[in-house]
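In: Pasted the sequence and its predicted model underneath.
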Amino acid sequence: MSLALFNDLTRKKEPFIPIKEGQVTFYSCGPTVYDYFHVGNSRPFIVFDVLRRWLEHEGYHVTFVQNFTDIDDKMIHRAHKEGITVQELAERFIAEYNKDANALGIRKPDVSPRATEHIPEIIHTIERIIENGHAYVSDGDVYFDIQSWPKYGTLCKQNLEDLEAGARVEPGEKKKDPLDFALWKAEKPGEPSWPSPWGNGRPGWHIECSAMSSKYLGDNIDIHSGGVDLMFPHHENEAAQSEAASGTDKPFVNYWLHNGFLLIDNEKMSKSLGNFLTARAAIEKYPPLALRFFMLSAHYRSPINFTTDALEQSAAGVSRLRNSRSDLNFAAKTRTGKNESFDLKKFQNELDELHTKFSEAMNDDFNTAAAMGILFDVVYLINTTLKENDILPDEFFTLSKNALGEYDSILGVIGPDDSESEHDEESAEIENLIQERTNARKTKDFARSDEIRNMLKARGIVLEDTPQGTKWKREL
RNA sequence: GGCGGUAUAGCCAAGUGGUAAGGCAGAGGACUGCAAAUCCUUUACCCCCAGUUCGAAUCUGGGUGCCGCCUCCA
């Protein structure tokens, strides 16, 4: 089975067929860098990171672009409040974004364009829209002309009347239609501005994505993703702008993907509601891997509820995965050898079968929840095999490690391998203490034995006694 | 009001019409100096009502609950 994605444009699961064979152009809406991003914001970053990895795993050459919105009302207000420039604010929170994203195992995009570094492209895009007759200048502002765009509302499946009924009309606005939205906003005192054919001003919210997407990926791209709340108005507007600018009948985006919301206490987590937890605060409280596990434990389009319980359960799940790998590593050092009664072929077949299932799950609208179920099946297979055999051949360890490694290169929920750091200074010290404890246990000095174990435990090092000796691992 | 999502065990959650994956927690057991980990055993009237079907968690119709979008929002 090949990859199918649920396309919000058609509200159907469709086979994924890229524009250029073997290549994927993928634009993901990034953060407005006026603050730390919160746990809800982290969901699309994590789930679409996994989709990107999966596409690459399947052999596509992916160009992944995720923007930084570094100029808008929120940026301006926040910068004023902090007494710094908008640019300083952006620099600060782009750095903070990168820290948190890195901690959560989110890979860097191929391109991370910033709105303020693309003012010429934005202006050019607006000029094209005006030339094509879909925007008008009104007293220094430029608005998109909704009435000139019959397709408006196709993404969010709303007709114009219903949208107009709900549209906010602000006094003093210079729009022809309440649904018209700003492409360019005339300069206001004390706000950053750039010169343009329509006077000094700044870009509207939606236009940056159109301009930057087109610059780095072209006028017709494969995938565009973001949270469901961006479907309207942001993505609807983007599509209208981009298609109005390109002037071709090719759609801006072939596959629109939207992740479901993250709820906290059964309510949407949002900055405006004030019920948010920053990703920074969350990963101080819970292991980052647990947060990632949590995001991937449900299908990306389902809503998920952020609770202490759920995060603790996720952390326990991560531990199970990590334990299996650390048991595997330890056994590889202590229990490798010839074993005539072990049926390697059968083991390999079972792994292959699970591999097929994993691929099927990921190809089915990247169903990470099902895929993680398969990962646990793999862990179970490895654990029982380790249990049933005292000695196992090299091939078993190679196959098992490769399997876990491959799955984790996509999901990123098992995390770094402690055994890779086993030659550093701290490890040597730990090994010495373990040796001392082993000696104490031989002479039945359990007081000293437990003392050493507790001492290491306090440092986050957990000891486990096995028939092959004592193994250690770091706590999550 | 318009549009959309969702309802599966104590909790989280997958599920393509053929009597329910996986994880967490719990109980009992094996192993262990004690622990930890692991393994074995064990836990589901799939929101309600009606319908289609030989057969429905899955399809249809009607309810009900919860959530979201329609305004800045991942």
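Out: Now that the structure is in, tell me what you want to look at.
In: Give me the pLDDT value at the one residue in the stretch 151-300 of chain A that gets nearest to RNA strand B.
Out: In the stretch 151-300 of chain A, the residue found nearest to RNA strand B is residue A:227; the distance is 1.9 Å by C-beta to the nearest atom of the strand. Every residue, glycine included, has its C-beta placed from N, CA and C. The score at residue A:227 is 93. That number is its pLDDT.
In: now swap in residue A:339 and tell me
Out: So, for residue A:339, pLDDT stands at 92.
In: My read is that it contacts residue A:397, right?
Out: No. Residue A:339 sits out of contact with residue A:397 when judged by C-beta atoms under 8 Å, with a separation of 11.8 Å.
In: which of these two has more neighbours?
Out: The neighbour comparison of residue A:339 against residue A:397 (other C-beta atoms under 10 Å) goes to residue A:397, with 19 against 15.
In: Now do the contacts for that one.
Out: Neighbouring residues of residue A:397 by C-beta atoms under 8 Å, 6 or more residues apart in numbering: A:328, A:331-332, A:336.
In: and the biggest helix by length in chain A, how far from the chain's centre?
Out: In chain A, ranked by residue count with DSSP state H as the criterion, the top helix is helix A:308-334. Taking C-alpha atoms, centre = their mean, to the nearest Å, the mean C-alpha location of helix A:308-334 is offset from the chain mean by 22 Å.
In: right, and the helix or strand after it?
Out: Note on helix A:308-334: by DSSP states H and E, the next helix or strand toward the C-terminus is helix A:344-363.
In: buried ones in that next one?
Out: Neighbour counts over helix A:344-363 (16 or more other C-beta atoms under 10 Å) mark A:347, A:351, A:354, A:357-359, A:361-363 as buried.
In: Turn those into TSV, columns for pLDDT and distance to residue A:376.
Out: Supplementary listing: those in TSV, determined by pLDDT from 0 to 100; distance: C-beta to C-beta, whole Å:
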residue	pLDDT	distance to residue A:376
A:347	96	17
A:351	97	14
A:354	96	10
A:357	95	12
A:358	96	11
A:359	96	16
A:361	95	12
A:362	96	15
A:363	96	19
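In: Is it possible to get a markdown table of the residues you listed that adds distance to residue A:59?
Out: Listed next are the buried residues of helix A:344-363 as a markdown table, based on distance: C-beta to C-beta, whole Å:
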| residue | distance to residue A:59 |
| --- | --- |
| A:347 | 27 |
| A:351 | 21 |
| A:354 | 20 |
| A:357 | 19 |
| A:358 | 16 |
| A:359 | 12 |
| A:361 | 18 |
| A:362 | 13 |
| A:363 | 13 |
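In: Go through the lowest-mean-pLDDT helix or strand in chain A and flag the buried ones.
Out: Ranked by mean pLDDT, DSSP states H and E, the weakest helix or strand in chain A is helix A:160-166, scoring a mean of 72. Taking 16+ other C-beta under 10 Å as the neighbour-count basis, helix A:160-166 is seen to contain the buried residues A:160, A:163.
In: on that earlier part again, kindly confirm whether my reading is correct that the residue of the stretch 151-300 of chain A closest to RNA strand B touches residue A:259.
Out: Yes. Contact status for residue A:227 versus residue A:259: in contact at 5.6 Å, counting by C-beta under 8 Å.
In: Looking at those two, which one has more neighbours?
Out: Legend: neighbour count by other C-beta under 10 Å for residue A:227 and residue A:259, higher for residue A:259 (25 against 18).
In: Now do the contacts for that one.
Out: Counting by C-beta under 8 Å, 6+ apart, the residues that residue A:259 touches are A:43-44, A:47-48, A:225-228, A:300-301.
In: Now for residue A:13, how many residues are close by?
Out: Neighbourhood size, residue A:13 [other C-beta under 10 Å]: 12.
In: Specify the local secondary structure of it.
Out: Three states are possible here, and by DSSP: H, G, I helix; E, B strand; the rest coil the one that applies to residue A:13 is strand.
In: close enough to count as contact, it and residue A:257?
Out: No. No contact is recorded between residue A:13 and residue A:257 when judged using C-beta under 8 Å, the distance being 11.3 Å.
In: OK, contacts around residue A:32?
Out: When contacts are counted by C-beta under 8 Å, 6+ apart, residue A:32 is found next to A:68-70, A:72, A:74-75.
In: hmm, try it at 10 Å
Out: When contacts are counted by C-beta atoms under 10 Å, 6 or more residues apart in numbering, residue A:32 touches A:41, A:67-75, A:78, A:90, A:93, A:115, A:205, A:271.
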